[in-house]
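> sequence and predicted structure, then a few things I'm wondering about:
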Amino acid sequence: MTREVRAFAVTVLTLAALGVTAGLLWSGLTPRAPYQVTDQGTVLADPTTQALIAADGWFAVITGGLGLLCGGVAWFSARRWMLPVLLGLCAGGVAAAYLTLWTGSTFTLGAVVVEAAPSATGAKIVPGALKLTAQGVLVSWPLLAVGFFGLLEGMHGYRESPLRAPYGGLGPN
């Protein structure tokens, strides 16, 4: 029982640590949306900007790629404790996705370049903080990790199955 709990905890903590790293990577790669400072606060300077969509896309690519990597590594390394590792991939993937979001939106890395059409009022243009507009990309890490793990297990189970042979391994009658 303690080995299963340990396998679960190691999986969750490993993915959480990767989530912080992924957040820093997301912060460094993603372009920032331009915001205009007004008397009412900051408002989006260029409504036609693609930076908000790019932030969602980069988040999905980074977390999805890490989800596939984590699912493959977990399947190859955890042959004895499949269920605790699978549950750890699910819980750790959710935690890692939220840590990626928090880290990426809290810390600013890399050169922040802001491009916007010039305003008629001459208001100051500042880079906005990273945020997700499509909340559905938060599930890309756990979904792809668990899905790839299941795909590998299904292919392995099919390869080892006696039902793969013609007539279920039995000769023709």
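Structure received. Numbering: from 1, shown residues only.
> pLDDT below threshold where in this protein?
Low-confidence segments of the chain (pLDDT under 70): 48, 110-122, 163-173.
> and the helices in it?
2-29, 51-77, 82-106, 140-160 (DSSP state H).
> of those helices, flag the one that's most buried.
Burial of the helices of the chain is given as mean neighbour count (mean count of other Cβ atoms under 10 Å); helix 82-106 ranks first at a mean of 21. Where C-beta positions appear, they are placed from N, C-alpha and C, glycine not excepted.
> which neighbouring elements make contact with that helix?
Judged by 3 or more Cβ pairs under 8 Å, 6 or more residues apart in numbering; DSSP states H and E, helix 82-106 is in contact with helix 2-29, helix 51-77, helix 140-160.
> among the helices of the chain, which is nearest Thr133?
Taking Cβ to Cβ, helix 51-77 is the member of the helices of the chain nearest to Thr133, at 5.1 Å.
> could you check the angle helix 2-29 makes with the closest one?
Interaxial angle of helix 51-77 relative to helix 2-29 (axes from the mean of the first three to the mean of the last three Cα atoms, to 10 degrees): 150 degrees.
> how about Leu138, what does it touch?
Listed by Cβ atoms under 8 Å, 6 or more residues apart in numbering, the contact set of Leu138 reads 94, 97-98, 101, 132.
> residue nearest the middle of the chain, spatially speaking?
Among the residues of the chain, the one closest to the centroid is Thr63, at 2.1 Å (Cα atoms, centre = their mean).
> contacting residues around Gly23?
99-107.
> coming back round to it: now the helices and strands packed on helix 82-106 in a markdown table, with distance to Gln36?
Shown next, in a markdown table, are those (distance: least, Cβ to Cβ, whole Å):
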| stretch | distance to Gln36 |
| --- | --- |
| helix 2-29 | 22 |
| helix 51-77 | 14 |
| helix 140-160 | 31 |
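> nearest to Tyr35, out of those helices?
Closest among the helices and strands packed on helix 82-106, using Cβ to Cβ: helix 51-77, at 10.3 Å.
> gap between that closest one and the chain center?
4 Å (Cα atoms, centre = their mean, to the nearest Å).
> what does stretch 152-159 give?
25 Å.
> so which of the contacts of Gly23 is the closest to Met155?
Nearest member of the contacts of Gly23 to Met155, counting by Cβ to Cβ, is Thr100, at 28.7 Å.
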